[in-house]
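Student: let me see the structure of the following:
(4 chains)
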2 protein chains.
Amino acid sequence: MKKFSRQRQAILECLKNTNCHPSAGWLYDNVRKEIPNISLGTVYRNLAELSQSGDILSFTPGDGTERFDGNTKPHYHFYCSSCRSVIDVDIPTIEDLDRKAAETLGCEISYHNLIFYGICRNCRESQ
Amino acid sequence: MKKFSRQRQAILECLKNTNCHPSAGWLYDNVRKEIPNISLGTVYRNLAELSQSGDILSFTPGDGTERFDGNTKPHYHFYCSSCRSVIDVDIPTIEDLDRKAAETLGCEISYHNLIFYGICRNCRESQ
DNA sequence: CCCCACCATAATAATCATTACTATTTTAAT
DNA sequence: ATTAAAATAGTAATGATTATTATGGTGGGG
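Tutor: Sure thing, here's the model as predicted:
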C-alpha cells in the first residue's frame, strides 16, 4: 500500500506552485528550503512515481534535463534556446492528431508531446 | 574554413542509409565497421555540427538519448515506450502551428518538434 | 497503545550519455 | 613541398540520473 510522505507532498506542492517547468535539480534546491536534508534520490524517485501515476507531467526539451509540470491538463510548451526557460503555449491541443497517427501507424497512441523552439521575448530584447 | 573529413562523410552516409533514428552510440558502433579507430568524440562533434548546419535533424524522445535523423524534411515521430524504437509518422506537418504559437507568445518560433508515444505493433503483438 | 511488516528515506556509490582536453594527424591553399 | 587551420584519436572530466543499503517512519492488527 502507498504511504503518505512529507517529502512527496512537498515536492508536489513545490511543483504546483511554480510555472517554471523545473528540472529535478531545481526542485531539489527549492524543496530543501523546507526539508533541508531531503535526498536528491528521493526527489527523483517521487517525480518518477508522480509522473507514472499521472499526477504530474514530464518532457525533455533536449538540453539534457527532464522537465516537470504540475499542470496535468494537456498543453504545449515553448523552449527558449537561449535562456533554457520553458513557457506554456496557450493554444488548443490537437487531440485529433493521435487518432490520425494511430491510423497511419496501425497501433495505439497514448499521447503526444509538442515543443516549440525559438528565442523568448526577454532574450530577444536584451540582445 | 570547413574541411572535408572521411569520418564526417561516413557518419552522414551511415545516418542517411538507415531509418532507425539512431543515437550517437549506435552510429559509433556502425561507423566503426568502416573506420575501426574512429573516436566517440568525433561522432558526437560531427553530429552536433551536422545538426547545426541543418544537414541532419535531432530530437530527444525522453529515454536519456539524443536521436538523429538523416531525413531533413519536416516530419513527426512515434516512439515505442516498450522497445524504444522510433518510427516516422507519415502525416502532414502543421506549419501553421509555429505562426499561431508565435502570435500567442509574442516571439519568433524557429520550428517545432512533435513526438507520439505508445506501443508499436511489433511489441503489441508479441505480448 | 504497541508491535510489526512494509514502505520511504538519506546518504552514497555507480552508471550512462555527453563534453572537454590535448597532442597528433589531416586537409587544402599557397 | 610548406604551412596554417581544422579535424582527429584517445583519454579524462562532467552532469544528470539510477542503484544500493542501512536506517527511519507509517499505519493496520493484536
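Student: now the closest residue to residue A:5 other than its chain neighbours: how far from residue A:19?
Tutor: Counting by Cβ to Cβ, 6 or more residues apart in numbering or on different chains, residue A:5 lies nearest to residue A:46, which is 7.8 Å off, once chain neighbours are set aside. All C-beta spots, glycine's among them, are computed from the backbone N, C-alpha and C. The gap separating residue A:46 from residue A:19 is 20 Å, by Cβ to Cβ, to the nearest Å.
Student: who has more neighbours out of those two?
Tutor: Using other Cβ atoms under 10 Å in any protein chain shown, the more surrounded residue of residue A:46 and residue A:19 is residue A:46, with 23 against 12.
Student: quick one: name whatever helix or strand follows whatever helix or strand the residue nearest to residue A:5 lives in.
Tutor: Assigned by DSSP states H and E, residue A:46 belongs to helix A:40-52. Using DSSP H and E, the helix or strand that follows helix A:40-52 towards the C-terminus is strand A:57-59.
Student: if we can go back for a sec, which ones are touching the residue nearest to residue A:5?
Tutor: With contact set as Cβ atoms under 8 Å, 6 or more residues apart in numbering or on different chains, residue A:46 has these partners: A:5, A:7-8, A:11-12.
Student: now residue A:112, what's its secondary structure?
Tutor: strand (DSSP: H, G, I helix; E, B strand; the rest coil).
Student: which of the three states applies to the nearest residue to it once chain neighbours are set aside?
Tutor: Sequence neighbours aside, residue B:116 is the residue nearest to residue A:112 in space, at 4.7 Å (criterion: Cβ to Cβ, 6+ apart). Taking three-state DSSP as the rule, one finds residue B:116 in the strand state.
Student: can you tell me how far residue B:116 is from DNA strand C?
Tutor: With the distance defined as Cβ to the nearest atom of the strand, to the nearest Å, residue B:116 ends up 20 Å from DNA strand C.
Student: what's the answer for residue A:126, then?
Tutor: Relative to DNA strand C, residue A:126 is positioned 23 Å away (Cβ to the nearest atom of the strand).
Student: and that residue, how many residues sit next to it?
Tutor: For residue A:126, using other Cβ under 10 Å, the count is 8.
Student: so which bits of chain A are right by DNA strand D?
Tutor: Those residues of chain A that sit near DNA strand D, judged by Cβ under 7 Å from any atom of the strand, are A:1, A:3-6, A:23-25, A:40-41, A:44, A:48, A:64-66.
Student: repeat that with 10 Å
Tutor: Within chain A, the positions lying close to DNA strand D (Cβ under 10 Å from any atom of the strand) are A:1-7, A:9, A:22-28, A:39-45, A:47-48, A:51, A:58, A:60, A:63-68.
Student: list buried members of those by neighbour count.
Tutor: Neighbour counting by 16 or more other Cβ atoms under 10 Å in any protein chain shown classes A:7, A:22-24, A:26-28, A:42-43, A:47, A:58, A:60, A:66-68 among the residues of chain A next to DNA strand D as buried.
Student: could you work out the most separated pair of those residues?
Tutor: The largest separation in these, counting by Cβ to Cβ, is between A:7 and A:60 at 23.9 Å.
Student: OK, contacts around the closest residue to residue A:67 other than its chain neighbours?
Tutor: Spatial nearest neighbour of residue A:67, chain neighbours left out: residue A:21 (4.6 Å); criterion: Cβ to Cβ, 6+ apart. The contact partners of residue A:21, by Cβ under 8 Å, 6+ apart, come to A:67-69, A:77, A:85-86.
Student: same thing but at 10 Å, please
Tutor: A:15, A:57-59, A:61, A:67-71, A:77, A:79, A:85-88 (Cβ atoms under 10 Å, 6 or more residues apart in numbering or on different chains).
Student: same thing with residue A:7?
Tutor: Contact analysis of residue A:7 by Cβ under 10 Å, 6+ apart lists A:31, A:34-35, A:38-39, A:42-43, A:45-46.
Student: would you list those residues in TSV and tack on pLDDT and distance to residue B:121?
Tutor: Below are the contacts of residue A:7 laid out as TSV (pLDDT from 0 to 100; distance: Cβ to Cβ, whole Å):
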residue	pLDDT	distance to residue B:121
A:31	98	41
A:34	97	47
A:35	98	45
A:38	98	43
A:39	98	41
A:42	98	38
A:43	98	36
A:45	98	33
A:46	98	34
